[in-house]
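K.L.:
quick one: sequence and predicted model below, then my questions.
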Amino acid sequence: MSRGPGKIERGIVEALQREPESAFTTDDLCRMIYRHPKRPQKKHRVSVLRAMRSVIKRNQEYAIYEWWRLPGDRLAIYHRYSVFSLGMAYLKCELPYHYPSYRRLELAEALRQQQEDRSAREQRLRDLMQPGGSYARYLGPDGQWTRTVERACFERDCDPETLAAWKAKQEKARAAWLDEFAALRARQQGSEIKEEPEFYDEQLGLL
């Protein structure tokens, strides 16, 4: 008989439910769950990452953002169907987002400053997504994050047969796009590629 969610998994879900338009890196979660003023250790990150992967297996509402999927890359868990949560995951993983260490402070004061630092950092990231911000375009009607969330909602809501047919069509379109790109590279071999072909998704537009 399989066990239910453990303490770390429950802590992750509680954090996601408490802040539905945010995202949480492994460092965020280590500091919330272990409540330690020093930087999280490898053993803490490993436990939290294992719990993160268990959470997304149990609940398709959540996903893990990882850019190149290389060892050492920063990861974040976010709400799959929230464009703001996806944006926070992207920004936390792509921009410098390091906590200082609070070794010389009493635990209560260290935890208080730690929370203040996190709140201030997250507010700066949210400002980047506001109108006029550097990343506001990604949240627009044709923005990359908006299209990603629309795709996830489409996959969630359509029936299995439609979804299978749509995925097969997308694979065929992607294969054609890769062939076109390979042909373009062959034609322009020895010179810089100035324009890449656009991959078109009938459901969501250009990807």
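P.N.:
Alright, I've got the coordinates. This one's a predicted model, so the numbers in the text were calculated from it and none came from an experiment.

K.L.:
C-alpha from now on. contacts and neighbour counts both.
P.N.:
Noted.

K.L.:
kindly list the longest helix within the protein.
P.N.:
Assignment by DSSP state H gives helix 160-187 as the longest helix of the chain.

K.L.:
list the buried residues for that one?
P.N.:
Going by neighbour count (16 or more other C-alpha atoms under 10 Å), the buried part of helix 160-187 is 166, 170, 173, 177, 181.

K.L.:
got the residues you listed as JSON lines, with distance to Gln123 and pLDDT columns?
P.N.:
Output for the buried residues of helix 160-187, formatted as JSON lines (distance: C-alpha to C-alpha, whole Å; pLDDT from 0 to 100):
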{"residue": "Trp166", "distance to Gln123": "38", "pLDDT": "81"}
{"residue": "Gln170", "distance to Gln123": "37", "pLDDT": "81"}
{"residue": "Ala173", "distance to Gln123": "40", "pLDDT": "85"}
{"residue": "Trp177", "distance to Gln123": "39", "pLDDT": "84"}
{"residue": "Phe181", "distance to Gln123": "40", "pLDDT": "84"}
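
K.L.:
in these, find the pair that's most separated.
P.N.:
Pairwise distances across the buried residues of helix 160-187 (C-alpha to C-alpha) peak at 22.3 Å, for the pair Trp166 and Phe181.

K.L.:
show the backbone phi and psi for the residue nearest in space to the middle of the chain.
P.N.:
Centrality entry for the chain: nearest residue to the mean C-alpha point is Tyr65, 2.9 Å, by C-alpha atoms, centre = their mean. The phi/psi pair for Tyr65 (degrees, to the nearest 10) reads phi -90, psi 130.

K.L.:
now it. Nearest residue, chain neighbours left out?
P.N.:
Distance criterion C-alpha to C-alpha, 6 or more residues apart in numbering; nearest residue to Tyr65, sequence neighbours excluded, is Ala76 at 5.2 Å.
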